[in-house]
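Q: Give the three-dimensional model of this entry:
(2 chains)
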Amino acid sequence: MPRVLVIEDDEVTAGEIVAELSVHGMLAEWVSDGRVGLARASTENYDLITLDRMLPGMDGIDVVAALRQQQIDTPVLMISALSEVDERVRGLRAGGDDYLTKPFAPDEMAARVEVLLRRRQPQAEPRLRVADLELDLVRHTAHRKGQLLNLLPTEFRLLEFMMRNSGQVLTRTMIFETVWGFHFDPGTNIIDVHIGRLRRKIDGTGQVPLIRTVRGTGYMLVSAPQSVSV
Amino acid sequence: MSLLHTNAWRSTTSRLILIYGVLFAVWGLILVAVIQWETNRYLNGVIDQMLVQRMHYLAATDAPRLPATVDAASKIDPHGIMSVGLFDSAGHVLAGNVDRIPAELHVDGRAHLLNGGMPRPDRVEGSIRVRAMAMTLPSGQILVLAKDTSTIDGLGAITRRALLWGISLTIIPGLLGGFLLRRGPAQRIRELQLATEPIRQGDLTKRLPVSRRGDELDLLAGIVNTMLGEIERLMNEVKGVCDNIAHDLRTPLTRLRARLYRTQQQLLGQQPEAALVDACMVDIDAVLARFRALLRVSELEDRHRSACFAEVDLARVLREVHEFYAPVAEDREQPFDLDIQPLPPVRADAHLLFEALANLVGNAIKFTPIGGSVQLRASMDRDGPRIDILDSGPGIPADERDAVTRRFYRGDNSRTTPGSGVGLSIVSAIVRLHGYALDIGDAANGARITLYCYPVKPGEVPGTCLARTVSVARHEATT
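A: Numbers count the residues shown, from 1 in each chain, chains lettered A, B, ... in the order given. You can find the predicted model right below:
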């Protein structure tokens, strides 16, 4: 069971984070002070830390910077009420691995935590494989059941992101931020349209659907389609 | 209008100096005219007295000796200054240097001015202006006396020349002084004009410069500064209220969404309440999206110069936007063309530019009916690159074009379409941050939004809607 340290001064927000992570099968521990959080993170072994940007005792940026200075590379999800792009850049530069702006949806937060946990595993393989779907990262080709798929560059990047995080729920915001690299709300259903296109290409007629819609949250590329009811 | 190019005569100082100069010249003219008139009157009186004395002297001479006396008197006048003539009652000359009685001279014993002069056979240069007197003697003979007025005329010429010199010596230094005097206030106005430029562009923290002189311009600048302070306070209050509402509401809304989410997870779509909870989730997500968009506008408005500006390849950004929206247009059966002409790089924040263009293209696709068309076009204007988003949709009515860039404004056409109503406000804030200009207009078969990717011209406010219809018409005619 992954252990997550939640450093958050607002009790209600912390309660939400802890509850949501527990639902996702994680063991979450909460501290409300930056200094205490840093001490705990330095001495104990956590799989991930969620870190508020503004904390009593010690600022979130300072906490993550201190951790990195001590060569502790535990993934850090920074959570902040400061949404400015500059703030995001500062948080990531200090050593944060992802940045989430308040107000956030708990499922969005949990999805990001899961992706970060997954990211700890080595990713240097030249080929990705999920069920009968194969992605060659060197040749930039995709095959399903040995059949070549004709993907546009964006679709390739989208599929790569989903395959790297297969079995994880990916929110529309996460997809937009990672695949397109922008940090704003593109609105309407544009990500759904892109997923729909990709879905038509990889989940053609007669194929077992691999892309699953997670109601109200986002999408997931299922790693074992046979066992999932769609 | 720039003061640097203002006609010098349009300055208040110049006009005051000109009016003062004209008044001074007129007054000088009147003064000199009065002096000349008085001098003439006095000198004419002196000449007339001389004529009367001479007339009395000659009239008192014995009649037989008179012709000789007259001849003798005429001989001592080698320069023709004093003329004297004796005529019989029929007007025939008897003696003297005058050969006939001038027709305009009345024989009444009083002095008169003869503009035609006195006819003298001994003068080669002809007649000169004289004052003359004729009198019938007791013997019936007529005695004519005349003295030229060249002295008076000479004095008049001197006075006129003096007037000319006087006026010249006053007007020339006056104009020079005026020019120098005009430069002072013009310089101040230019400083004020420069100071207003950032204010016009939306930076209400700036103030007009006030010198220590405390003159009229300082008084005016002070009044404007007080007004600016009040406007800034009100704007901040309005903005603060908006932002505070968004900040204060988003925490309870986030909690509400979390609870709904938890309920949704527990219901797992089995119970009939699940659909209701799903609908609530959609609504709350829409509210949160609107709050985020509102805070985004605030963030962009507060950001000023902290944006990550760099050389940006516009064509690349446009291709990304096109690629991002092409599937949406395809789903709506709208041909979505991209037409990029060679463009120089621009100084911009690539991410924000993408956001602005994505908003504009997203709107164009959203408001164009299914089966319509959308075009994304980039070309070189006379002053720099321009991006046109053309669609066959209903467009924005002319009277709403300014309002659509305000927060939450939604036009009649958009009321039935989902959206936060903040999209164009975000675009406007980004455009303002870049100092670019936006123009909303009509196209041949629908609507057009143009983004001018170069600094606004003097007098234009960045981020607001302009009306550059002339250049647009020309552009459309050429494409």
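Q: contacts, neighbours, all on C-alpha from now
A: Will do.
Q: Please state the backbone phi and psi of B:Ala90?
A: Main-chain torsions, B:Ala90, degrees, to the nearest 10: phi -90, psi 0.
Q: In space, what's closest to the residue of chain B found nearest chain A - neighbours in sequence excluded?
A: Proximity of chain B to chain A (CA to the nearest CA) peaks at B:Thr254, 5.7 Å away. Distances taken as CA to CA, 6 or more residues apart in numbering or on different chains place A:Pro103 nearest to B:Thr254, at 5.7 Å, with adjacent residues excluded.
Q: got a list of what that neighbour touches?
A: Counting by CA atoms under 8 Å, 6 or more residues apart in numbering or on different chains, A:Pro103 touches A:Ala81, B:Arg250, B:Thr251, B:Thr254, B:Leu288.
Q: Of all pairs in those residues, which one spans the longest distance?
A: Largest separation among those by CA to CA: A:Ala81 and B:Leu288, giving 13.7 Å.
Q: Looking at the two, which is more packed in?
A: Of the pair A:Ala81 and B:Leu288, B:Leu288 is the one with more neighbours under other CA atoms under 10 Å in any protein chain shown, namely 22 against 15.
Q: mind checking which helix or strand the more buried one is in?
A: Using DSSP states H and E, B:Leu288 sits in helix B:273-303.
Q: Give the other helices and strands that that helix contacts.
A: Judged by 3 or more CA pairs under 8 Å, 6 or more residues apart in numbering or on different chains; DSSP states H and E, helix B:273-303 is in contact with helix B:216-267, helix B:423-434.
Q: tell me the average confidence for the longest one?
A: Read that as helix B:216-267. Confidence for helix B:216-267, expressed as mean pLDDT, is 81.
Q: Would you map out the domains in the chain?
A: Looking at chain A here, since you left the chain open. The record assigns chain A these domain ranges, following automatic domain parsing: A:3-119, A:127-227.
Q: actually chain B
A: B:3-37+B:154-197, B:70-148, B:216-303, B:310-478.
Q: For A:Asp203, which of the ones you listed is the nearest?
A: When the domains of chain B are compared by CA to CA, domain B:310-478 sits nearest A:Asp203, at 17.4 Å.
Q: Isn't A:Met26 up against A:Ile17?
A: No: using CA atoms under 8 Å as the test, A:Met26 is too far from A:Ile17 to be in contact (10.8 Å).
Q: ok, those two, which is more surrounded?
A: A:Ile17 (24 against 18).
Q: and the strand or helix carrying B:Ile189, what other elements does it pack with?
A: Taking DSSP H and E as the definition, B:Ile189 sits inside helix B:150-200. Under the contact criterion of 3+ CA pairs under 8 Å, 6+ apart, helix B:150-200 touches helix B:12-59.
Q: Which elements pack onto the helix it packs on?
A: Judged by 3+ CA pairs under 8 Å, 6+ apart, helix B:12-59 is in contact with helix B:66-75, strand B:130-136, strand B:142-148, helix B:150-200.
Q: Need the ones you listed in CSV (columns: mean pLDDT and mean neighbour count).
A: Output for the helices and strands packed on helix B:12-59, formatted as CSV (pLDDT from 0 to 100; neighbours: other CA atoms under 10 Å in any protein chain shown):
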stretch, mean pLDDT, mean neighbour count
helix B:66-75, 86, 17
strand B:130-136, 90, 23
strand B:142-148, 89, 25
helix B:150-200, 82, 15
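Q: coming back round to it: relative to A:Gln71, how far out is the residue nearest to B:Thr254?
A: If you measure A:Pro103 against A:Gln71 using CA to CA, to the nearest Å, the figure is 31 Å.
Q: Also B:His351?
A: Per CA to CA, B:His351 is found 32 Å from A:Gln71.
Q: A:Leu27 now?
A: Distance, A:Leu27 to A:Gln71, by CA to CA: 23 Å.
Q: more crowded one of those two?
A: A:Leu27 (17 against 10).
Q: In contact with the more buried one: list those residues for me.
A: A:Met1, A:Pro2, A:Arg3, A:Val4, A:Leu21.
Q: at 7 Å instead, please
A: Taking CA atoms under 7 Å, 6 or more residues apart in numbering or on different chains, we find A:Leu27 in contact with A:Met1, A:Pro2, A:Arg3, A:Val4.
Q: Need the pLDDT of the last one.
A: A:Val4 carries a pLDDT score of 95 in this model.
Q: Tell me the bridge partners for it.
A: In this entry, A:Val4 is beta-bridged to A:Ala28, A:Leu48, by DSSP bridges.
Q: Which residues of chain A lie near chain B?
A: Counting by CA under 7 Å from any CA of the partner chain, the residues of chain A close to chain B are A:Glu84, A:Pro103, A:Phe104, A:Ala105, A:Pro106, A:Phe182, A:Ile190, A:Val193, A:His194.
Q: What is the least confident helix or strand in chain A?
A: Across the helices and strands of chain A, the lowest-confidence element by mean pLDDT, DSSP states H and E is helix A:85-94, at a mean of 80.
Q: in its sheet, what does the following helix or strand past it sit against?
A: As assigned by DSSP H and E, the chain's next helix or strand after helix A:85-94 is strand A:98-101. Next to strand A:98-101 in the sheet, as set by DSSP bridges, lie strand A:76-80 (parallel).
Q: what is the rounded mean pLDDT of the partner strand?
A: When pLDDT is averaged along strand A:76-80, the result is 90.
Q: cool, stretch B:12-30 as well?
A: Per-residue scores along stretch B:12-30 average to 82.
Q: buried stuff in it?
A: Across stretch B:12-30, burial judged by 16 or more other CA atoms under 10 Å in any protein chain shown covers B:Thr13, B:Ser14, B:Ile17, B:Leu18, B:Gly21, B:Ala25, B:Gly28, B:Leu29.
Q: send the alpha carbons of it over as PDB?
A: Taking C-alpha atoms only, stretch B:12-30 is exported to PDB below (Å, rounded to 0.1, in the frame of the first residue of the first chain):
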ATOM      1  CA  THR B  12      -2.100  79.400 -27.000                       C
ATOM      2  CA  THR B  13       1.100  81.300 -26.300                       C
ATOM      3  CA  SER B  14       1.800  81.900 -30.000                       C
ATOM      4  CA  ARG B  15      -1.700  83.200 -30.500                       C
ATOM      5  CA  LEU B  16      -1.600  85.500 -27.500                       C
ATOM      6  CA  ILE B  17       1.700  86.900 -28.700                       C
ATOM      7  CA  LEU B  18       0.400  87.400 -32.200                       C
ATOM      8  CA  ILE B  19      -2.700  89.200 -30.900                       C
ATOM      9  CA  TYR B  20      -0.600  91.300 -28.600                       C
ATOM     10  CA  GLY B  21       1.800  92.100 -31.500                       C
ATOM     11  CA  VAL B  22      -1.000  93.200 -33.800                       C
ATOM     12  CA  LEU B  23      -2.500  95.400 -31.100                       C
ATOM     13  CA  PHE B  24       0.900  96.900 -30.400                       C
ATOM     14  CA  ALA B  25       1.500  97.600 -34.100                       C
ATOM     15  CA  VAL B  26      -2.000  99.200 -34.500                       C
ATOM     16  CA  TRP B  27      -1.400 101.300 -31.400                       C
ATOM     17  CA  GLY B  28       2.000 102.400 -32.700                       C
ATOM     18  CA  LEU B  29       0.400 103.400 -36.100                       C
ATOM     19  CA  ILE B  30      -2.300 105.500 -34.400                       C
END
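Q: Chain A: strands as residue ranges?
A: Listed in chain order, the strands of chain A (DSSP state E) span residues A:3-7, A:27-31, A:48-52, A:76-80, A:98-101, A:127-130, A:133-136, A:141-144, A:147-149, A:170-171, A:211-214, A:218-221.
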